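> Have a look at this prediction, sequence included:
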Amino acid sequence: MTIQTVPTTAFADQKPGTSGLRKKTPAFMKPNYLENFVQATFTAIGGAAGKTFVLGGDGRYFNDRAAQIILRIAAGNGAARVIVGQGAVLSTPAASHLIRLNKTDGGIIMSASHNPGGPEEDFGVKFNTPNGGPAPESVTEAMFAATKTITEYKLLDAPDIDLGTLGRVSLGDMIVDVVDPVADYADLMESLFDFPAIAQMFANGFRMRFDAMCAVTGPYGSEILERRLGAAGGTVTHGTPLPDFGGMHPDPNPTWAHELMAEMFGPDAPDFGAASDGDGDRNMVVGRGIYVSPSDSLAVLAANAHLAPGYAKGLAGVARSMPTSAAVDRVAAKLGIAAYETPTGWKFFGNLLDDGRATLCGEESFGTGSDHVREKDGLWAVLLWLNILAVRKESVAEILAQHWAEYGRNYYSRHDFEAIATDKADAMMSALRASLPTLPGTQIEGMTISAADDFAYTDPVDGSVSQKQGVRILFADGSRIVMRLSGTGTEGATLRVYLERYAPGPEGLDLDPQDALAPVIRAAHALAGIGPHTGRTEPNVIT
Ligand code: VG1
Ligand code: CO
């Protein structure tokens with residue numbers, strides 16, 4: 001086995017997005033495409049020589065072959081050791097945990113998360129830093145720079161190794177430790193939550209459905225919910241991970257997790273339902289006959305986290321992405337703790353968590369997590385809900401109703417317009433940005449615009465600045481419109497329109513969000529000219 005220096009030419013399109021590099025699978029499988037990106041990653045972090053990494057992915061099509069290539073590049077760059085999940089599989093939060101547990105120099109996660117998988121669908125790769133979190137912008141920019149100047153990569157000329165058997169193997173001089181993908185993560189969950197109390201609730205007849213959507217969380221859900229907590233067999237559905245996710249779109253929202261929604265709103269609905277995404281970092285939570293919006297879920301978890309042993313001493317602070325509703329801010333104000341507002345993407349929470357400023361973080365896109373890892377964590381959120389339900393002994397509907405009665409309700413919805421022509425989406429956003437200075441004072445739909453800007457964020461820990469993170473239009477009555485283009489899509493552009501309106505109560509807390517938000521929705525269409533610019537008048541996904 002020799003280390004080869006392979007000449008290559010740069011690809012111009014390897015800029016990491018909101019969460020790593022995502023492309024159509026055939027693009028990733030082009031000769032040298034993955035090799036270049038992995039070499040550029042190692043270059044950007046000052047080389048791999050002597051370092052230890054974690055490697056795993058969500059099991060989608062090409063995951064197995066990509067792992068072998070990444071291992072050969074790591075060995076070619078002199079890495080000392082790589083810890084790989086058995087079968088090259090790790091959920092994103094489990095990978096984050098293994099990086100921290102083993103104090104490695106980072107990790108490579110193969111996932112396109114909530115995007116569909118398969119030969120013609122999506123693939124992705126991202127690098128996480130030694131804190132276990134997604135690389136911050138300074139690192140992703142260095143990676144992108146290296147992809148543009150790359151002329152060669154280092155590769156150990158070696159055959160594939162067996163990643164299906166637990167234990168240690170060597171690849172040239174590099175050690176490869178194949179580990180159980182679930183065990184350490186399940187132990188971490190057991191250390192945070194009152195497993196006996198949750199197990200007692202299941203023993204008393206509490207029924208749950210967890211839809212793993214044929215993606216990575218199946219084995220995690222089976223081990224934790226069914227084996228360790230004693231939930232009935234069959235609690236986990238679509239529990240076998242498949243390379244194409246069984247044709248499912250593994251995005252846990254009411255549109256794509258429609259089977260779960262139908263059951264939870266049906267005649268024999270269980271007490272609690274949840275779903276996870278491709279790589280296990282997202283969660284959707286549903287009560288019997290009631291959907292919990294992710295922004296509300298974050299607020300309820302923040303208000304009740306102290307009921308779980310891992311958070312009994314209270315929260316240092318909370319953080320949410322800017323487009324996420326302000327529901328959690330109201331909880332923070334009552335608790336007297338700090339509330340941070342960051343750009344979209346988990347990488348912006350890393351410094352706040354590392355610095356002990358925030359304990360809980362969340363995004364409106366079904367992402368919630370805490371300082372136990374440095375990624376959002378779907379099963380963690382489900383378990384925190386279960387812990388709260390076990391202690392409060394009330395239904396999800398009762399808990400939500402009490403929450404709104406106490407804090408008021410931030411009606412919230414996100415409307416996605418997918419696969420718009422990129423030039424049209426860009427033109428729309430440019431025109432909207434250009435109009436911002438003229439908007440304050442404007443009356444529309446009976447509301448007055450009080451401020452309009454393009455969100456910029458200064459990280460309070462390292463002072464780094466991120467510009468143009470989404471257009472915000474704020475109204476005098478507290479309503480809000482946010483618009484930005486997705487950074488995770490692989491086809492055209494996706495426009496995300498985030499809509500929010502606050503109802504203080506006690507009246508008007510039980511409306512359908514789409515009805516409560518109707519004037520805000522109409523204002524968004526009028527102010528941005530969505531129809532005239534894109535030809536689209538209706539979103540294709542509403543969450
Ligand atoms: C989306 C979400 C964002 C999330 C990101 C990665 O990004 O809006 O909140 O952090 O996906 O999630 P964008 O740029 O498409 O809006 V993941 O689960 O799934 O990697
Ligand atoms: Co994900």
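Ah, there it is. Numbers count the residues shown, from 1 in each chain. Ligands and ions are numbered 1, 2, ... in the order given.

> partner residues bridging residue 367?
residue 282, residue 363 (DSSP bridges).

> Just confirm residue 478 contacts residue 502, I think it does.
Yes - in terms of CB atoms under 8 Å, residue 478 counts as a neighbour of residue 502; the distance is 4.3 Å. Just so you know, the C-beta spots here come from the backbone N, C-alpha and C atoms, and that holds for glycine as well.

> When these two are compared, which one has more neighbours?
residue 502 (21 against 16; other CB atoms under 10 Å).

> Bridged to that one, which residues?
residue 410.

> In three-state terms, how would the nearest residue to residue 308 once chain neighbours are set aside be classified?
Of all residues not flanking residue 308 in the chain, residue 387 sits nearest, at 4.3 Å (CB to CB, 6 or more residues apart in numbering). Put simply, residue 387 is helix when judged by DSSP: H, G, I helix; E, B strand; the rest coil.

> Could you report the separation of residue 387 from residue 504?
As judged by CB to CB, to the nearest Å, residue 387 and residue 504 stand 29 Å apart.

> Give me the phi and psi for the one residue in the stretch 401-543 of the chain that gets nearest to ligand 2.
Per CB to the ion, the residue of the stretch 401-543 of the chain with the smallest distance to ligand 2 is residue 488, at 9.0 Å. The phi and psi values for residue 488, taken as degrees, to the nearest 10, are phi -120, psi -10.

> these two touch, right, it and residue 23?
No - using CB under 8 Å, residue 488 makes no contact with residue 23, being 11.1 Å away.

> Need the pLDDT of residue 248.
Looking at residue 248, its pLDDT is 86.

> Sorry, wrong one. I was asking about residue 19.
Model confidence at residue 19, given as pLDDT, is 86.

> and it, how many residues sit next to it?
Using other CB under 10 Å, residue 19 has 27 other residues around it.

> residues in contact with it?
By CB atoms under 8 Å, 6 or more residues apart in numbering, the contact set of residue 19 is 113, 124, 126, 134, 345-347, 487-488.

> near ligand 1, from the residues you listed?
For ligand 1, the contacts drawn from the contacts of residue 19 by CB under 6 Å from any ligand atom are 113, 345-346, 487-488.

> quick one, what contacts the closest residue to residue 504 other than its chain neighbours?
The shortest distance from residue 504 to any non-neighbouring residue, by CB to CB, 6+ apart, is to residue 408 (4.3 Å). Residue 408 is in contact with 330, 502-505, 509, counting by CB under 8 Å, 6+ apart.

> In ChimeraX, how would I select the buried members of the residues you listed?
Restricted to buried positions by 16 or more other CB atoms under 10 Å, the ChimeraX selection for those reads:
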select :330,502,503,509
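
> anything in the helix or strand of the chain with the lowest mean pLDDT near ligand 1?
Ranked by mean pLDDT, DSSP states H and E, the weakest helix or strand in the chain is strand 541-542, scoring a mean of 92. No - using CB under 6 Å from any ligand atom, strand 541-542 stays clear of ligand 1, coming no nearer than 11.5 Å.

> Tell me the strands beside that strand, with direction?
Pairing partners of strand 541-542, with direction, according to DSSP bridges: strand 409-420 (antiparallel).

> I'd like the next helix or strand past the partner strand.
As assigned by DSSP states H and E, the chain's next helix or strand after strand 409-420 is helix 422-435.

> Could I get the average pLDDT for the helix or strand following that next one?
Counting by DSSP H and E, the next helix or strand C-terminal to helix 422-435 is strand 443-444. For strand 443-444, mean pLDDT is 96.

> so what are the domain limits for the chain?
For the chain, the domain assignment from automatic domain parsing gives the residue ranges 3-181, 185-407, 409-542.

> export the helix or strand containing residue 481 as CSV, just CAs?
Using DSSP H and E, residue 481 sits in strand 480-485. Provided in CSV are the C-alpha atoms of strand 480-485 (Å, rounded to 0.1, in the frame of the first residue of the first chain):
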residue,chain,number,x,y,z
ARG,A,480,-43.2,39.9,11.5
ILE,A,481,-42.3,38.7,8.0
VAL,A,482,-38.8,37.2,7.3
MET,A,483,-37.7,36.1,3.8
ARG,A,484,-34.5,34.3,2.8
LEU,A,485,-33.3,31.8,0.2
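
> mean confidence for that strand?
On average, strand 480-485 scores 96.

> relative orientation of that strand and strand 409-420 in degrees?
Angle of strand 480-485 versus strand 409-420, following axes from the mean of the first three to the mean of the last three CA atoms, to 10 degrees, is 20 degrees.

> tilt between strand 480-485 and helix 422-435?
Interaxial angle, strand 480-485 versus helix 422-435 (the same axes, to 10 degrees): 140 degrees.

> other SSEs contacting strand 480-485?
Judged by 3 or more CB pairs under 8 Å, 6 or more residues apart in numbering; DSSP states H and E, strand 480-485 is in contact with helix 422-435, strand 471-475, strand 493-503, helix 518-528.

> Roughly how far does residue 1 sit from residue 48?
From residue 1 to residue 48 the distance is 17 Å (CB to CB).

> Specify which residue of those two has the higher count of neighbours.
For residue 1 versus residue 48, the count of surrounding residues by other CB under 10 Å is larger for residue 48: 26 against 13.

> Now do the contacts for that one.
Contacts of residue 48 (CB under 8 Å, 6+ apart): 42, 74, 77-79, 105.

> Could you rerun that using 7 Å?
Contacts for residue 48 (CB atoms under 7 Å, 6 or more residues apart in numbering) come out as 42, 74, 77-79.

> which residue sits closest to residue 78, ignoring its sequence neighbours?
Nearest residue to residue 78, sequence neighbours excluded (CB to CB, 6+ apart): residue 49, at 3.6 Å.

> and residue 1, what pLDDT?
82.

> Surely it and residue 158 touch.
Yes - if you go by CB atoms under 7 Å, residue 1 and residue 158 touch, sitting 4.6 Å apart.

> Spatially, which two of the contacts of residue 408 are the most separated?
Based on CB to CB, the longest span within the contacts of residue 408 runs between 330 and 509 and measures 13.6 Å.

> Please look at residue 29 and residue 62 and confirm they touch.
Yes - under the criterion of CB under 7 Å, residue 29 makes contact with residue 62 at 6.2 Å.

> With neighbour numbers in mind, choose between these two.
More neighbours surround residue 62 than the other of residue 29 and residue 62, with 21 against 16 (other CB under 10 Å).

> who are the neighbours in contact with the more buried one?
So residue 62 contacts 25, 28-29, 123 (CB under 7 Å, 6+ apart).

> Mind telling me what element the residue nearest to residue 385 when sequence neighbours are not counted is part of?
Among residues not flanking residue 385 along the chain, residue 285 sits closest, at 5.6 Å (CB to CB, 6+ apart). Assigned by DSSP H and E, residue 285 belongs to strand 283-287.

> Could you do residue 22 as well?
Short version, using DSSP H and E: residue 22 is in strand 21-24.

> and the following helix or strand past that strand, what other elements does it pack with?
Sequence-wise, the next helix or strand downstream of strand 21-24 (DSSP H and E) is helix 25-28. Counting contacts by 3 or more CB pairs under 7 Å, 6 or more residues apart in numbering; DSSP states H and E, helix 25-28 packs against strand 122-128.

> Show me which residues of stretch 328-336 are buried.
For stretch 328-336, burial by neighbour count (16+ other CB under 10 Å) applies to 328-332, 335.

> helix, strand or coil for the residue in the stretch 51-200 of the chain positioned nearest to ligand 2?
In the stretch 51-200 of the chain, the residue that lies nearest ligand 2 is residue 113 (3.2 Å; CB to the ion). Reduced to three states with three-state DSSP, the structure at residue 113 is coil.
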